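Enquirer: Here is my input, please return the structure:
(chains A and B)
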Amino acid sequence: ETGVTQTPRHLVMGMTNKKSLKCEQHLGHNAMYWYKQSAKKPLELMFVYNFKEQTENNSVPSRFSPECPNSSHLFLHLHTLQPEDSALYLCASSQDISSSGNTIYFGEGSWLTVV
Amino acid sequence: AQSVTQLGSHVSVSEGALVLLRCNYSSSVPPYLFWYVQYPNQGLQLLLKYTSAATLVKGINGFEAEFKKSETSFHLTKPSAHMSDAAEYFCAVSDRNTDKLIFGTGTRLQVFP
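Expert: So this is what the prediction gives:
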């Protein structure tokens, strides 16, 4: 069983839909991340949360809205997306962000297709 | 700013042959360096990491990497490729203040029988 669980694994949504991606970590970590993986592009860090507080928003469009209700759960709310937002969205966690060298653990990702 | 460059987006080897995946980094301070592997339809899994202890780092599945400061490199090697090694491999760097990882563009490894 993976320590970081993402649901749904696959999502197809229209440009006017509202949907959410969910991530849960069972590792007792305090930092959680959203990454975007598109074809032929490096992984892009989107958001970072540390102890439920957002510490980084990497110039992500407002149609992506993260929510971190506690250190174990992270959501990515999606609204009015564009076809170019189709990608694999990876959730990850680490012990915290203040101790460098910590391993970041990834979930299996949510494949998003915007039609 | 930190960055990593992975030379070769695709590498093909025969089963049993040496695997060499190249990674060069750019960092103004001693970095932490990582190799992750992504199998089809899965997330990223840590293979190994360098955090300034021994310069030769051994990881899972028989992989290892050597940190060479003079060459700013952290190449990944495995003496004998196995069919199950076919995957995408990502090199990443982080600085000593945060866990934020900067990834390379990845190298897809194909292993032929």
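Enquirer: For the most centrally placed residue in chain A, give me its contacts.
Expert: Centroid-nearest residue in chain A, with CA atoms, centre = their mean: A:Trp34, separated by 2.8 Å. For A:Trp34, the contact set (CB atoms under 8 Å, 6 or more residues apart in numbering or on different chains) comprises A:23, A:45-47, A:66, A:74, A:76, A:89-92. C-betas here are computed from N, CA, C, even on glycine.
Enquirer: Which pLDDT does the model give residue 66?
Expert: Let's take chain A. pLDDT recorded at A:Pro66 is 98.
Enquirer: nope, chain B
Expert: 95.
Enquirer: which bits of chain B sit near chain A?
Expert: Contact residues, chain B versus chain A (CB under 8 Å from any CB of the partner chain): B:32, B:34, B:36, B:41-46, B:49, B:51, B:90, B:94-106.
Enquirer: what's the lowest-mean-pLDDT helix or strand in chain B in contact with?
Expert: Lowest by mean pLDDT, DSSP states H and E among the helices and strands of chain B is strand B:102-103, with a mean of 89. By CB under 8 Å, 6+ apart, the surrounding residues in contact with strand B:102-103 are A:42-43, B:2-4, B:36, B:90-94.
Enquirer: if we can go back for a sec, secondary structure class for the residue nearest to the centre of chain A?
Expert: Here A:Trp34 is strand, with the state taken from DSSP: H, G, I helix; E, B strand; the rest coil.
Enquirer: Check which element follows the least confident helix or strand of chain B along the chain.
Expert: Using DSSP states H and E, the helix or strand that follows strand B:102-103 in sequence is strand B:107-112.
Enquirer: re the thing from before, distance from the least confident helix or strand of chain B to the middle of the chain?
Expert: 11 Å (CA atoms, centre = their mean, to the nearest Å).
Enquirer: Direction included, what does it pair against?
Expert: Under the criterion DSSP bridges, strand B:102-103 sits next to strand B:87-94 (antiparallel) in its sheet.
Enquirer: re the thing from before, can I get the contacts of strand B:102-103 in TSV including distance to B:Thr72 and neighbour count?
Expert: Output for the contacts of strand B:102-103, formatted as TSV (distance: CB to CB, whole Å; neighbours: other CB atoms under 10 Å in any protein chain shown):
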residue	distance to B:Thr72	neighbour count
A:Pro42	18	19
A:Leu43	21	24
B:Gln2	11	17
B:Ser3	11	13
B:Val4	10	24
B:Tyr36	19	25
B:Phe90	18	25
B:Cys91	12	28
B:Ala92	15	27
B:Val93	10	22
B:Ser94	15	22
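Enquirer: Pick out whichever of those residues sits closest to B:Ala65.
Expert: Minimum distance to B:Ala65 across the contacts of strand B:102-103 is 8.7 Å, recorded for B:Cys91 (CB to CB).
Enquirer: who in chain A is up against chain B?
Expert: Residues of chain A lying near chain B (CB under 8 Å from any CB): A:2, A:4, A:6, A:31, A:40-43, A:45, A:48, A:56, A:90, A:92, A:94-109.
Enquirer: Please list the members of those residues that lie in helices.
Expert: Of the positions in these, not one sits in helices, assigned by DSSP state H.
Enquirer: As a check, name the ranges of all strands in the chain.
Expert: Going with chain A. A:4-7, A:10-13, A:18-25, A:31-37, A:44-50, A:53-57, A:64-70, A:73-79, A:87-94, A:105-106, A:110-114 (DSSP state E).
Enquirer: actually chain B
Expert: Along chain B, counting by DSSP E, strands occupy B:3-7, B:10-14, B:19-26, B:32-38, B:44-50, B:56-58, B:64-68, B:73-78, B:87-94, B:102-103, B:107-112.
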